[in-house]
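Enquirer: how does the following fold in three dimensions:
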Amino acid sequence: MASDPNDRSKPGDRLVDRSAPSDPRETARDPNRRDAPRSLADWIPQVLQEMGLDGVNDGAKLLAAWSRAVGPGLAVHTRPQGIRRGVVHVTVRDSAWMQRMQMEKAHVLEELRRELGSEQVRDLRLRIAPMS
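Expert: Residues are numbered from 1 along each chain as shown. Predicted structure coming up:
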């Protein structure tokens, strides 16, 4: 193959795919395209599952649902540890916050059931533990 003496392109220029859309927004318009941009929230569960860490995602869901269910005032004094057999295990800072959580228990359970599904949340089990 003879080279053209007037060709000023560089060797890598020939590798550019001219069929790809020049405007990146064209790709974003079609959500069914395999290479269409996806939000990070869509990728995380898939990546965790592929890594065998899908339980981590469950913990993240519980933590987010807990914060919304109890609100910021209670969230800083409590921490959900996990769900086992429909029971949400929660640590509380001290006996005063334990009493407050007992008074709020029905409301918190209702909110958690709404957030996570009624079949997943049956009860709350509270215990006092130091919080960092």
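
Enquirer: any idea which element the closest residue to residue 62 other than its chain neighbours lies in?
Expert: Distances taken as CB to CB, 6 or more residues apart in numbering place residue 80 nearest to residue 62, at 5.2 Å, with adjacent residues excluded. The way it works is simple: take the backbone N, C-alpha and C, and place the C-beta from them, glycine included. Remark: residue 80 resides in strand 78-84, with elements defined by DSSP states H and E.

Enquirer: now for the helix or strand following that strand, which elements pack on it?
Expert: Under the assignment DSSP H and E, the closest C-terminal helix or strand after strand 78-84 is strand 87-92. Judged by 3 or more CB pairs under 8 Å, 6 or more residues apart in numbering; DSSP states H and E, strand 87-92 is in contact with helix 54-75, strand 78-84, helix 95-116, strand 123-128.

Enquirer: could I get the ones you listed as CSV with distance to residue 47, mean neighbour count and mean pLDDT?
Expert: What follows is the helices and strands packed on strand 87-92, written out as CSV (distance: least, CB to CB, whole Å; neighbours: other CB atoms under 10 Å; pLDDT from 0 to 100):
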stretch, distance to residue 47, mean neighbour count, mean pLDDT
helix 54-75, 9, 15, 84
strand 78-84, 21, 16, 92
helix 95-116, 21, 15, 95
strand 123-128, 31, 13, 97
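
Enquirer: output those in a markdown table; the columns should cover distance to residue 37.
Expert: Formatted as a markdown table, the helices and strands packed on strand 87-92 follow (distance: least, CB to CB, whole Å):
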| stretch | distance to residue 37 |
| --- | --- |
| helix 54-75 | 21 |
| strand 78-84 | 32 |
| helix 95-116 | 28 |
| strand 123-128 | 39 |
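
Enquirer: closest one to residue 46 among those?
Expert: Nearest to residue 46 among these is helix 54-75; the distance by CB to CB comes to 9.4 Å.
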